[in-house]
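> here is a sequence with its predicted model. Questions after.
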Amino acid sequence: MKTRKIICVVSCVLACAALFTLTSCKKKNAVVINGASDLEGLKIGVQSGTTGETWVQENLKNVKLASFKSGIDAALDLANGSIDAVVLDELPAKEIVSRNPKLKIVRDSVFTDNKEEYAIAVKKGNEVLLSAINATIASMKENGEYEKLVDAFMPADGQIVIPEITTDSNASSVIKLGTNATFPPFEYVEGDIVGFDISMGEKIAADMGAKLEVVDMAFDSLIPALQSGAIDFIAAGMSVTEERKQNVDFSDSYFASEQVIIIRK
């Protein structure tokens, strides 16, 4: 009986020690992210070819950068614990978080104070198309169509209503819009490819008396496709950067956004 008691006590001590060790390890390895400065040394997910990827590369040291075809793919790995955080544009991040209760958004003044301008990209030197696009953007802002488009795709109640754009089905010419349909609410798949940029592209085509053809591809393939003539313009929530301006011409900006950090709750 005495021997059994000793064995029992020893077993309890060992079990408690193991539990303590496990708990201590969890606390030690816990990742706390309150802002951009906490991302140092972590594994960060980004969408390939985006401003978020560039920012991480230029501003963070000793990080393990994981590039994905879409922000959604990055968020899935985050939810599964494969990476520590995702740096992504604000509105797509909000959409992702609204669909995944495991995740939340962290903001930082380094992003809030340095908003990005979205614009439409055309091939270098294509002044005719650029002028037509700028004319449509200006017209939409003046006559209220732009505000209606914002309300449709970014409503306060979250209930998106895709507007109908009148187009000429008999138009003989076709204009090709290149996009990456993984970036809601700007471009995403809902049966067809829809979104803020797609509706704006339809309006641009209508004003030019042309049909719109939407070409979906990886984000980092868009500029090469534009340069090769495979598409006529890019509307993909693309931020205006000095590096991109060396390869494409940008329209007037049509939206201001910022980067945010997505983390696990």
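Received, thanks. Residues are numbered from 1 along each chain as shown.

> residues contacting residue 136?
Residue 136 sits next to 200, 203, 204, 207 when contact means CB atoms under 8 Å, 6 or more residues apart in numbering. Every C-beta, even on glycine, is put in place using the N, C-alpha and C of the backbone.

> go again using 7 Å as the cut-off
203, 204, 207 (CB atoms under 7 Å, 6 or more residues apart in numbering).

> what secondary structure does the first one sit in?
Translated: residue 203. Three-state call for residue 203 (DSSP: H, G, I helix; E, B strand; the rest coil): helix.

> that one: neighbouring residues, count only.
22 (other CB atoms under 10 Å).

> what's around the closest residue to residue 35 other than its chain neighbours, how many residues?
Leaving out its chain neighbours, the residue that sits closest to residue 35 by CB to CB, 6 or more residues apart in numbering is residue 108, at 4.4 Å. Applying other CB under 10 Å, we find 19 residues neighbouring residue 108.

> and residue 152, by the same measure?
16.

> touching, it and residue 164? I think so.
No. Using CB atoms under 7 Å, residue 152 makes no contact with residue 164, being 10.3 Å away.

> okay, and the common contacts of these two?
Between them, residue 152 and residue 164 share no contacting residue, judged by CB under 7 Å, 6+ apart.

> and of the contacts of residue 136, the nearest to residue 61?
Closest approach to residue 61 among the contacts of residue 136 (CB to CB): residue 204, at 41.9 Å.

> grab the nearest non-local neighbour of that closest one.
Using CB to CB, 6+ apart, the nearest residue to residue 204 is residue 136, at 4.7 Å.

> can I get the helix or strand harbouring the one you found in CSV, CA atoms only?
Here residue 136 sits within helix 127-143, counting by DSSP states H and E. Extracted as CSV, the C-alpha positions of helix 127-143 are listed here (Å, rounded to 0.1, in the frame of the first residue of the first chain):
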residue,chain,number,x,y,z
GLU,A,127,-2.9,58.7,-74.6
VAL,A,128,-6.2,58.1,-76.4
LEU,A,129,-7.3,55.4,-74.0
LEU,A,130,-6.0,57.3,-71.0
SER,A,131,-7.9,60.4,-71.9
ALA,A,132,-11.1,58.4,-72.4
ILE,A,133,-10.7,56.7,-69.0
ASN,A,134,-10.0,60.0,-67.2
ALA,A,135,-13.1,61.5,-68.9
THR,A,136,-15.3,58.7,-67.6
ILE,A,137,-13.9,59.0,-64.1
ALA,A,138,-14.5,62.8,-64.1
SER,A,139,-18.0,62.4,-65.5
MET,A,140,-18.9,59.8,-62.9
LYS,A,141,-17.7,62.0,-60.0
GLU,A,142,-19.6,65.0,-61.4
ASN,A,143,-22.9,63.4,-62.1
